[in-house]
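# What would the 3D arrangement of this be:
(chains A and B)
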Amino acid sequence: MSDAIRLQTAAARPLVLQLKGISKSFGGVQALWDVDFEIAEGEICCLAGENGSGKSTLIKIITGVHRPDGDAEILFGGRRLGALTPVTARQLGVQVIWQDLSLFPHLTVAENIAFEQNLGHRPRWARRGAFRAVAQRVLDRLGLRLPLDTPVMDLAIAQRQVVAICRALATDPKVLFMDEPTASLTKAETDALLDVVRKLARDGIAVVFVSHRLAEVLEISERVTVLRDGTKVGDFDSEGMTQRRLTELMTGATFDDEVHARDRHDAPIVLQTDGLTRRGEYEDVSITIRQGEVLGLTGLLGAGRTELAATLFGLTLPDLGSFSLGGQRMSFASNRDAIEAGISYVPEDRLSLGLVQPQSIADNIVAPVLKRIMGTGGLIDRGTKDRLVGHWIDRLAIKVGKPDDAVSTLSGGNQQRVVLAKWLATEPKLMILDAPTVGVDVGARAAIFEIVRGLAEAGMAILLISDEIPEVYFNTDRVLHMRDGRIVGEYRPRETLMTALEAAVHA
Amino acid sequence: MREQRLPAIRGTEAWLIVVIALMVLFLGLATDTFLTVSNLFNLLNVSAINLIFAVGLLAVLVAGGIDISFAVAASVVQYLTALAVEQLGGGSWALGFALAAGFGFCLGAINAGLIHYFRIISIVVTIATFNVFFGFLMFFTRGVSIYDLPDWWLDRVILFETQTASGLFAEIRLPVAVMAVMVLLSWVLIHRLNIGRQLYALGDNPDGARRIGINIAAMHFVAYGWLGICAGIGGLMQANYVQEVVPNALYGRELEVLAAVVLGGARLGGGRGTVLGAVLGVALITITSNGLNLLGVTPYAFQMVIGLVILVAIIATNLQSSGLLGQRRRVRS
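Predicted structure coming up:
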């Protein structure tokens, strides 16, 4: 079936790029095995696969960063290419919008968009007028507006994304790769971005879209190319494909989307807030979380969820209201007090806020509990430390070489587990998880929620913050909806349809 | 939409102008010597060499590097140039400038090469070359100054002079004109050429710069090479000003200039800074020490006061751009 579709697209539109028999190994590790990939003018194709499936290696080969092994063949516009270097790839019109955007924060919007005009090391005048004209032309083409003379660092993330797209467009690309372009966008911003992508495709640009958000993948693309463990599973028509089927293709395993909600209304209250208010962030928040309960907190970005979590974790002080933990009124001078009292917080941006990347896995895990592993004379007791670290690595099934390896050597999913281990080591009563699956692939997500449910079973109270509705719907006992700093609704997954919750949040 | 945007006077520069204006006003009222032609001309002559160094250093800071070897490199250039013109039988200003710029560029290129090809961070490389350059100089000169420079070099070229009320002559000398040219050239390089934009980009986001196809090696050689040229020419002018070549005369100057450029808004770490800011930073420090002198403050207090001025100015500009609060908010959002 996939062959039929490919022929159909090929017949309708000329192919821009064809890769045949791409293999690549690094040291002893085979990252890609004999992969074929092709894309036609004006086509939107998604490259789907878990972390480590070979997506980024494939992108790096197409952009000339890596050279494929053996007798691979790369055809551009039907012509066979010899060696592909980053420079020739760019000259051919292959552009990548990297996940980190790779913009220049102190330069203005116009300077960023028109940066191509600056390249080369022969002296030429840098003409502001020309930068502005190029930037304006690209923005007009997309029908968007941006302040041209503002430094990019002053823009919101969604606007920066637009700048990155404009910068790629200013070079008249033939093939555009977008690596996780929506990872930090809200639903509305994502929709706007997808509209832009469609517009580019109508103009004949071939777009290769890489995303972990499968709903979006299926919405935007005509075709999905699935990679698993460095091999190509196949090309699939997006029409008629479901998220569940795509997940199975990507992971080779089946996952059940099942409501896991349990009724915990008899359990003792762990956390209770009473009219908690912090001006400009959240207002009059009164919530309870019970022992063993997983409470979901959802809402759009900027609804005040993360700000509320910051107060519960002692990072900010509320203006009004109070909260109590285990019946005792709490007032935290800092998050050290919160940790002491039994609250832990896994932040949204775990890679920068949650872990010290160059340090070892073991040192990261014991960071919040140094006092407990102290032996005689205030020195760290090696044995206690090893036991503690070993316990959590086993319990969370973290795949590590040695506990002394740097955290940066682990995959995203395993890093997430190290963050969890680090906070679990404090033996908290309440664990706050803020967007725990951002940038984590499907298989690892399922594993994380399994761990979370296990912890709740063991009596821990969990506050799960996420703007991914299915995530909270399937994995929590109760869902609170936050909008503009207020709690505006409470839902029980067993009594509500997911669509109703989605409609309420995106209304 | 069409109109040419004037070079924006950003926060730091505007702030420095205000401080300098207040300082000038205060010193004008508190002393009867500050606002005299001879003192102002003297200020220009004195600050010219630091300004030449400062605009060169700015190119390196903007590109995300740092260099603390340039001041001793300037001394090395003085020595090499003195030897070379002696070998060549005297020489002239033209030859002197060419040699000083050439030697300076070579020393800068040594730094750039080590930083780029061996991927060593710039502060480590330039601490090492600082010691190598200075050690080389002391070893070969045995710490002895050179007084028998050629006549052209010792010639106090006077560009402008005027007789003051007291009957003394106030004069503007050659280093001021050379400084003006170097400031202008640096402004063109950093603010008006495509190369300057690439230097900013490199300092701002090195990974992004590599990905977009900037020739990183070329940019390193431009930045450190330009600083080398500025150091060489600054050294040539310093020898002209003091009429001799003293091996350790410029030792320690690097931190003074670095502080002035950072005071002028250049960010350690790259991507920010302007020529105007660097010039104002040097101006503020020069005026401060001159003012202390005129006020009769003991010279032993200078370094402390200048250090405090720099601290206060940098804290104030940071608060003004709400650096601390702003950053916290960004993380939270």
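# And the residue of the stretch 151-300 of chain B that's closest to chain A?
Closest residue of the stretch 151-300 of chain B to chain A, C-beta to the nearest C-beta: residue B:208 (3.4 Å). From N, CA and C alone the C-beta is placed, and that goes for glycine too.
# pLDDT score for the nearest residue to that residue once chain neighbours are set aside?
Nearest residue to residue B:208 in three dimensions, chain neighbours excluded: residue A:102, at 3.4 Å (C-beta to C-beta, 6 or more residues apart in numbering or on different chains). With respect to pLDDT, residue A:102 has a value of 89.
# Run a quick neighbour tally on residue A:102.
18 (other C-beta atoms under 10 Å in any protein chain shown).
# Surely residue B:175 and residue B:240 touch.
Yes. Using C-beta atoms under 8 Å, residue B:175 is in contact with residue B:240, at 6.6 Å.
# Show the low-confidence segments of chain A, by residue range.
Low-confidence segments of chain A, defined by pLDDT under 70: A:1-12, A:28, A:254-256, A:349-353, A:412, A:439.
# quick one on the thing from earlier: please say which of residue B:175 and residue B:240 ends up with more neighbours.
Using other C-beta under 10 Å as the criterion, residue B:175 and residue B:240 rank with residue B:175 on top: 27 against 24.
# quick check, the more buried one in a helix?
Yes. Counting by DSSP: H, G, I helix; E, B strand; the rest coil, residue B:175 falls inside a helix.
# what's near enough to touch it?
Residue B:175 makes contact with B:45, B:48-49, B:52, B:237-238, B:240-241, according to C-beta atoms under 8 Å, 6 or more residues apart in numbering or on different chains.
# Please tell me how far it sits from residue B:46.
9 Å (C-beta to C-beta, to the nearest Å).
# Kindly report the same for residue A:314.
Residue A:314 is 54 Å from residue B:46, by C-beta to C-beta.
# These two: which has the busier surroundings?
Each of residue A:314 and residue B:46 has its neighbours counted (other C-beta under 10 Å); residue A:314 has more, 21 against 15.
# what's near enough to touch the more buried one?
Residues in contact with residue A:314 (C-beta under 8 Å, 6+ apart) are A:332-338, A:343.
# now swap in residue B:62 and tell me
Residues in contact with residue B:62 (C-beta under 8 Å, 6+ apart) are B:190, B:196, B:199-200, B:203, B:223, B:266, B:270-273.
# Let's have those residues in JSON lines, adding secondary structure, pLDDT and distance to chain A.
Formatted as JSON lines, the contacts of residue B:62 follow (DSSP: H, G, I helix; E, B strand; the rest coil; pLDDT from 0 to 100; distance: C-beta to the nearest C-beta, whole Å):
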{"residue": "B:190", "secondary structure": "helix", "pLDDT": "96", "distance to chain A": "10"}
{"residue": "B:196", "secondary structure": "helix", "pLDDT": "95", "distance to chain A": "6"}
{"residue": "B:199", "secondary structure": "helix", "pLDDT": "96", "distance to chain A": "10"}
{"residue": "B:200", "secondary structure": "helix", "pLDDT": "96", "distance to chain A": "6"}
{"residue": "B:203", "secondary structure": "helix", "pLDDT": "94", "distance to chain A": "8"}
{"residue": "B:223", "secondary structure": "helix", "pLDDT": "97", "distance to chain A": "12"}
{"residue": "B:266", "secondary structure": "coil", "pLDDT": "88", "distance to chain A": "11"}
{"residue": "B:270", "secondary structure": "coil", "pLDDT": "87", "distance to chain A": "9"}
{"residue": "B:271", "secondary structure": "coil", "pLDDT": "88", "distance to chain A": "4"}
{"residue": "B:272", "secondary structure": "coil", "pLDDT": "89", "distance to chain A": "5"}
{"residue": "B:273", "secondary structure": "coil", "pLDDT": "92", "distance to chain A": "10"}
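# Of those residues - the most surrounded one?
Ranked by neighbour count (other C-beta under 10 Å), those have residue B:223 at the top, with 34 neighbours.
# ok, which residues in the stretch 201-350 of chain A are in contact with chain B?
Proximity of the stretch 201-350 of chain A to chain B (C-beta under 8 Å from any C-beta of the partner chain) is limited to residues A:302, A:306-307, A:310, A:349.
# Which parts of the stretch 51-200 of chain A are helices?
A:55-62, A:86-92, A:109-113, A:128-142, A:157-169, A:187-202 (DSSP state H, counting those that start in this stretch).
# who in the stretch 101-250 of chain B is up against chain A?
Residues of the stretch 101-250 of chain B lying close to chain A (C-beta under 8 Å from any C-beta) are B:191-198, B:200-201, B:204-205, B:207-209, B:211-215, B:218-219, B:222.
# Can you flag which of the residues you listed belong to helices?
Counting by DSSP state H, those place B:194-198, B:200-201, B:204, B:207-209, B:211-212, B:218-219, B:222 in helices.
# which of those residues are buried?
In those, burial by neighbour count holds for B:194-198, B:200-201, B:204, B:208-209, B:211-212, B:218-219, B:222, counting by 16 or more other C-beta atoms under 10 Å in any protein chain shown.
# was I right about residue A:46 contacting residue A:207?
No. In this structure, residue A:46 is not within contact of residue A:207 by C-beta under 8 Å, at 9.2 Å.
# okay, those two: which has more neighbours?
The neighbour comparison of residue A:46 against residue A:207 (other C-beta under 10 Å) goes to residue A:46, with 25 against 22.
# Show me where chain B dips below the pLDDT cut-off.
B:1-10, B:313, B:316-333.
# Quick check: residue A:463 touching residue A:298?
No. Using C-beta under 8 Å, residue A:463 is not in contact with residue A:298, being 11.4 Å away.
# Near chain B, which residues of the stretch 51-200 of chain A? Just list them.
A:86-87, A:90, A:96, A:98, A:100-107, A:111, A:115-121, A:123-126, A:128-129, A:132, A:136, A:149.
# Among these, which ones are in strands?
Residues of those located in strands (DSSP state E): residue A:96.
# Buried members of the residues of the stretch 51-200 of chain A next to chain B into PyMOL, please.
Selection of buried members from these for PyMOL, criterion 16+ other C-beta under 10 Å:
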select buried, chain A and resi 86+90+96+98+101+102+103+104+105+106+107+111+115+116+117+118+119+126+128+132+136
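# Find the nearest non-adjacent residue to residue 50, please.
Since you didn't name a chain, this refers to chain A. Spatial nearest neighbour of residue A:50, chain neighbours left out: residue A:441 (4.0 Å); criterion: C-beta to C-beta, 6+ apart.
# My question was about chain B, not that one.
residue B:282 (5.1 Å).
# what's the answer for residue A:484, then?
residue A:303 (6.6 Å).
# Residue B:191 too?
Using C-beta to C-beta, 6+ apart, the closest residue to residue B:191 is residue B:275 (6.5 Å).
# where do the helices sit along the stretch 51-200 of chain B?
B:70-87, B:93-117, B:122-141, B:151-154, B:174-187, B:194-204.
# Tell me the gap between the last one and the middle of its chain.
Read that as helix B:194-204. Here helix B:194-204 is found 19 Å from its chain centre; the criterion is C-alpha atoms, centre = their mean, to the nearest Å.
# The fourth one now?
Relative to the chain's own centre, helix B:151-154 is displaced by 24 Å; criterion: C-alpha atoms, centre = their mean.
# who touches that helix?
So helix B:151-154 is contacted by B:82, B:85, B:90-93, B:96, B:236, B:239-240, B:243 (C-beta under 8 Å, 6+ apart).
# Go ahead and build a PyMOL selection from the buried members of the residues you listed.
To isolate the buried subset of the contacts of helix B:151-154 in PyMOL, counting by 16+ other C-beta under 10 Å, use the following:
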select buried, chain B and resi 82+85+91+96+236+239+240
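# Is it possible to get CSV of the contacts of helix B:151-154 that adds distance to residue A:371?
As requested, the contacts of helix B:151-154 are exported to CSV (distance: C-beta to C-beta, whole Å):
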residue, distance to residue A:371
B:82, 65
B:85, 69
B:90, 76
B:91, 72
B:92, 74
B:93, 71
B:96, 67
B:236, 62
B:239, 62
B:240, 65
B:243, 66
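# Residue in the stretch 401-507 of chain A with the shortest distance to chain B?
Across the stretch 401-507 of chain A, the shortest distance to chain B (C-beta to the nearest C-beta) belongs to residue A:434, at 11.0 Å.
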